Every structure is written in structure tokens, then in C-alpha cells.
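J.: here is my input, please return the structure:
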Amino acid sequence: MSSFKTFDIAGSGMSAQSVRLNATASNLANADSVGSDPRSVYKARHPVFEAVRASLSLSKDQPGAAVKVSSIVEKNVPPVARYEPGNPLADANGYVYAPNVNVVEEMVDMISASRSYQNNVEVMNTSKEMMLATLRLGQ
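T.: The predicted structure follows:
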């Protein structure tokens, strides 16, 4: 396997974790939103990753690997009904519906995604340093 494929693999991991961070940020931003209809309330979104083993080069002899986001799924959790008759978004019975986003779970997911992203950055930096050290051997 070529040393440059390390950059492709780590780059695909960074891209996937970036999508995960964006989805988590969106979930946290909409955690306190409310609606008048339980079907129209925001639903938490989570990316689904897929490991890809394919040729990342023109040569068929040297297979590579990558990770890609195969889809983004909405969490199928019923919304929380809150009795707020004074809210302008309240339905006829005085209820507003809030998304059932677990803020603690989302923060843990954000920390995990951030650390995974950092790990991929470290892989790239280590690979770069190894390549530079190899080049310096000839001096």
C-alpha cells in the first residue's frame, strides 16, 4: 500500500466526522424548538457510516480503504408534549411539542466526533513526519 493512501483514508475519516459534528450541532441547536404538531417537530439526525474497501488508485493490485456517510437517519423518538396554553404555537388543547433530543447524549457524541477528527489529524501529521524523515535519510 502506498504511503499516500494514508492521507486518503484519514481524509475520508475527517470528512465523515465533520458530517457527524454538523449533525450533532444541528441537533443541539434545535433541542429547545417547539411546534404545534407532533409530526412537524424537529427529529434528531445521525449519520450512518459505511466502511468502503475499494481501489483508491488507478492500480487494481493496491486496494485501499475509506469511510463514507451512507445516509443520515432521523431518530424515531416521539416528541415531548408540554402543556403551555399561553404559547402562540400551542394546539387546541394547549400543548406544544418539543423534540426528544437528549442534550447529554448529543454532547458525548460531539466530544467523540471531535476526538475522532483529532485522531485522524494526528495520523496525517505522523505520516507526513515519517515521509519527511525518510527524505532526510538521503542527506
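
J.: now do the helices in this protein.
T.: 5-29, 103-136 (DSSP state H).

J.: mean pLDDT, distance to Gly86 and mean neighbour count for those - can I get that in JSON lines?
T.: For glycine as for every other residue, the C-beta is placed from the backbone atoms N, C-alpha and C. Listed next are these as JSON lines, based on pLDDT from 0 to 100; distance: least, CB to CB, whole Å; neighbours: other CB atoms under 10 Å:
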{"stretch": "helix 5-29", "mean pLDDT": "94", "distance to Gly86": "24", "mean neighbour count": "18"}
{"stretch": "helix 103-136", "mean pLDDT": "94", "distance to Gly86": "25", "mean neighbour count": "13"}
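
J.: what is the burial count for Asp91?
T.: 15 (other CB atoms under 10 Å).

J.: what sits closest to it if chain neighbours are left out?
T.: Ser36 (5.0 Å; CB to CB, 6 or more residues apart in numbering).
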